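Sequence first, then the predicted structure, then my questions.
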Amino acid sequence: MHIDLPEKRYYKIGEVAKAFSVNTSLIRFWEKEFEIIKPKKMRKEIVYLLPTMSPISNLYITSSKKGVLL
């Protein structure tokens, strides 16, 4: 799956949610439920590094494309 994100070192939650066409609340839910998603705190902001995108992508595919309830 291709993720439509600009090439940057980190991404805000809104950018991640928009790339996967989901609400920010779903990203926050996945953070709490799955330990593999670990955003970083930088200058009072919570950001996602590129390696975090792979687990989010896997969750997105599993839940939306394959229809598995998480």
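Yes, it's here.

Apart from its neighbours in sequence, what residue is nearest the spatially most central residue of the chain?
With distances taken as C-alpha atoms, centre = their mean, the chain has residue 56 as the residue nearest its mean C-alpha position (4.3 Å). Closest residue in space to residue 56, ignoring its immediate chain neighbours: residue 37 at 6.2 Å, by C-beta to C-beta, 6 or more residues apart in numbering. (C-beta placed from N, C-alpha, C; glycine too.)

again with residue 22
In space, residue 22 is closest to residue 60, 7.0 Å off (C-beta to C-beta, 6+ apart).

which residues are contacting the lengthiest strand in the chain?
The residue-count maximum for a strand in the chain (DSSP state E) belongs to strand 45-49. Outside strand 45-49, the residues within contact range by C-beta atoms under 8 Å, 6 or more residues apart in numbering are 9-13, 16, 39-41, 56.

And the buried ones among those residues, selectable in ChimeraX?
To isolate the buried members of these in ChimeraX, using 16 or more other C-beta atoms under 10 Å:
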select :11,13,16,39,56
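
what's the most distant pair in the contacts of strand 45-49?
For the contacts of strand 45-49, with distances taken as C-beta to C-beta, the pair at the greatest spread is 41 and 56 (17.6 Å).

Please identify the residue most distant from the middle of this protein.
residue 43 (19.5 Å).

In the protein, what helix or strand scores lowest on average pLDDT?
In the chain, no helix or strand scores lower on mean pLDDT, DSSP states H and E than helix 50-60, which sits at a mean of 82.

contacts for that helix?
1, 3, 5, 9-11, 16, 20, 22, 27, 30, 34, 36-39, 48, 70.

quick one, phi psi at the residue farthest from the centre of the chain?
The phi and psi values for residue 43, taken as degrees, to the nearest 10, are phi 50, psi 50.

Local confidence estimate at it?
At residue 43, the model reports a pLDDT of 84.

if I pick it, what's in contact with it?
Residues near residue 43 by C-beta under 8 Å, 6+ apart: none.
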